[in-house]
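Colleague: would you be able to build a 3D model of this:
(one chain, ligands or ions: 1)
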Amino acid sequence: MATVVQVERLHKRYGERTVLDSVSFGVEDGEIFGVLGPNGAGKTTAVECLSGLRRPDGGTVRVLGLDPRTERDRLRRVLGVQLQESRLADRMRVGEALDLYASFYSEPADWRELMELVGLADRRDTPYAKLSGGQKQRLSIALALIGRPRVAILDEITTGLDPQARRDAWELIEAVRAGGVTIVLVTHFMEEAERLCDRVALFDAGRVAAVDTPAGLVGRSAARQRVVFRPSAPFEDRLLTELPEVAELVRTGARVEVAGSGELLHAVTAALARHQVVAGDLRVHHPTLDDAFVALTGRRLGTEQESPR
Ligand SMILES: Nc1ncnc2c1ncn2[C@@H]1O[C@H](COP(=O)(O)OP(=O)(O)OP(=O)(O)O)[C@@H](O)[C@H]1O
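Modeller: Numbers count the residues shown, from 1 in each chain. As a prediction, the model looks like this:
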């Protein structure tokens, strides 16, 4: 598969603060690539370097072989950008905005079709200010696609949306990818990355902590599964801690929490059953990307952080 975006040892400083510290990743043709990390990790700065909006202080960036610093005009024709908090004039109507943006390109997409794709066909004459948050986001995606880009950068498109609008946006992103567009998706929602992304670059304080599939990141982090239950009768810890699947057992009052790997649930319930103990209120927690992030960086994705220096 061809690499369409290549970022190598990217450095960016704002004054004395290092915001990107030797950031490297590659995006393959046709994938939804997640740039995931907490607020302030440097995600927006990194994708702004991809689009040529920011000049890196070091490193190289190529988008479809083009250098965003020196080939911005050619880049505009192949890269669609939806930026965080992009705003249009309040009175501009949906149809007018799409028509205006289409006029910037020599061979634009059919904006009426795009309006259909993003579910705004019945909002053609609605002024921007009257659109809901989800509709504004969907319009901004349509605007990013109007030049028929091969690669689209979508930055935090579901922040502030309600759960239904967020799911609608996810379906739209999948439809856009199905149309052949490679997507670089900036997000701080691990659920979004887990659901949508083929691969993810985990950003942490200006560095890339890891690049892998969501499942690969979870697997390599050694984050453990956990089985939690209330036993129907007393039993000795040893009964479970001697199992090869079990790494740790913690009791909190009547509640028992067992962490481990492999066929943990089966091993625990079978061992209990052999001693006539039933596991009541049984819950199984599988590790998530959030657990992987904690294991790799020592921080939760939701936490605000300082820049590295
Ligand atoms: N123009 C600027 N001048 C100085 N510092 C900046 C500038 N833009 C961003 N920063 C700082 O650089 C760091 C990284 O910001 P960036 O927006 O790239 O992070 P992010 O991961 O996209 O976070 P968010 O999701 O909050 O946008 C932050 O500490 C931010 O305050």
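Colleague: from the ligand, how far off is the spatially most central residue of the chain?
Modeller: Residue closest to the average C-alpha location in the chain (CA atoms, centre = their mean): Ala193, at 3.4 Å. Ala193 sits 13 Å away from the ligand, going by CB to the nearest ligand atom, to the nearest Å. Just so you know, the C-beta spots here come from the backbone N, C-alpha and C atoms, and that holds for glycine as well.
Colleague: equivalent analysis for Ser140, please.
Modeller: Distance from Ser140 to the ligand, by CB to the nearest ligand atom: 16 Å.
Colleague: what is the longest helix along the chain packed up against?
Modeller: Longest among the helix segments of the chain by residue count, using DSSP state H, is helix 163-178. In terms of contacts (3 or more CB pairs under 8 Å, 6 or more residues apart in numbering; DSSP states H and E), helix 163-178 is packed against strand 32-36, helix 111-117, helix 133-145, strand 182-187, helix 190-196.
Colleague: now that helix: mean pLDDT?
Modeller: Regarding helix 163-178, the rounded mean pLDDT is 88.
Colleague: related to what we said a few turns ago, so what's the closest residue in space to the residue nearest to the centre of the chain that isn't next to it in sequence up against?
Modeller: Excluding its sequence neighbours, the residue lying closest to Ala193 (CB to CB, 6 or more residues apart in numbering) is Gly34, at 4.1 Å. Contacts for Gly34 were tallied using CB atoms under 8 Å, 6 or more residues apart in numbering; they are Leu185, Val186, Thr187, Glu192, Ala193, Leu196, Cys197, Arg199, Val200, Ala201, Pro214.
Colleague: residue contacts, the fourth one?
Modeller: Listed by CB under 8 Å, 6+ apart, the contact partners of Glu192 are Gly34, Thr158, Arg166, Trp170, Leu185.
Colleague: the same query, at a cut-off of 10 Å, please.
Modeller: If you count contacts by CB atoms under 10 Å, 6 or more residues apart in numbering, Glu192 has them with Gly34, Leu36, Glu156, Ile157, Thr158, Thr159, Arg166, Ala169, Trp170, Ile173, Leu185, Leu289.
Colleague: surely the third one is in contact with Leu83?
Modeller: Yes - here Glu156 lies in contact with Leu83, judged by CB atoms under 10 Å, at a distance of 9.2 Å.
Colleague: give the residues shared as contacts by the two.
Modeller: Thr44, Val186.
Colleague: what is the neighbour count of the residue nearest to Leu88 when sequence neighbours are not counted?
Modeller: Excluding its sequence neighbours, the residue lying closest to Leu88 (CB to CB, 6+ apart) is Tyr128, at 4.5 Å. By the criterion of other CB atoms under 10 Å, Tyr128 has 18 neighbours.
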